[in-house]
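**Student:** here is my input, please return the structure:
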Amino acid sequence: MVGEAIRRSRQEHGWTQAFLAEQAGLSPNYIARLERGELGPSLFVANRICGALTIDLEVLVTPSSGALPTKRTTMKRRALTG
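**Tutor:** The predicted structure is shown next:
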């Protein structure tokens, strides 16, 4: 599911795996393995991919119901309290 969302978002941008890898600071082989579902990204890696694709993290973990929202509008951060 995550790999499919990465591939779909990447293709919507018209990017190759190599270009996404460059934008996210990852290797093209790693992107390919993520898209094939051989690996699952850590939260850190998923955040880097989302940043490169300008999508929200929820896009990668929410089951698809058609078109994916691809543009990030605003991103609010809350301080961790504990």
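
**Student:** need the strands for the protein, in chain order.
**Tutor:** Taking DSSP state E as the criterion, the chain contains no strands.

**Student:** pLDDT weak spots in it?
**Tutor:** Along the chain, segments meeting pLDDT under 70 span 64-82.

**Student:** got phi/psi on Pro41?
**Tutor:** With angles defined as degrees, to the nearest 10, Pro41 sits at phi -80, psi 150.

**Student:** count of neighbours near it?
**Tutor:** Counted with other CB atoms under 10 Å, the neighbours of Pro41 add up to 21. C-beta coordinates here come from the backbone N, C-alpha and C atoms, glycine included.

**Student:** list the contacts for it?
**Tutor:** Val2, Leu34, Ile49, Leu60 (CB atoms under 8 Å, 6 or more residues apart in numbering).

**Student:** OK, contacts around the closest residue to the second one other than its chain neighbours?
**Tutor:** Meaning Leu34. Nearest residue to Leu34, sequence neighbours excluded (CB to CB, 6 or more residues apart in numbering): Gly3, at 5.2 Å. Residues in contact with Gly3 (CB under 8 Å, 6+ apart) are Leu34, Glu35, Arg36, Gly37.
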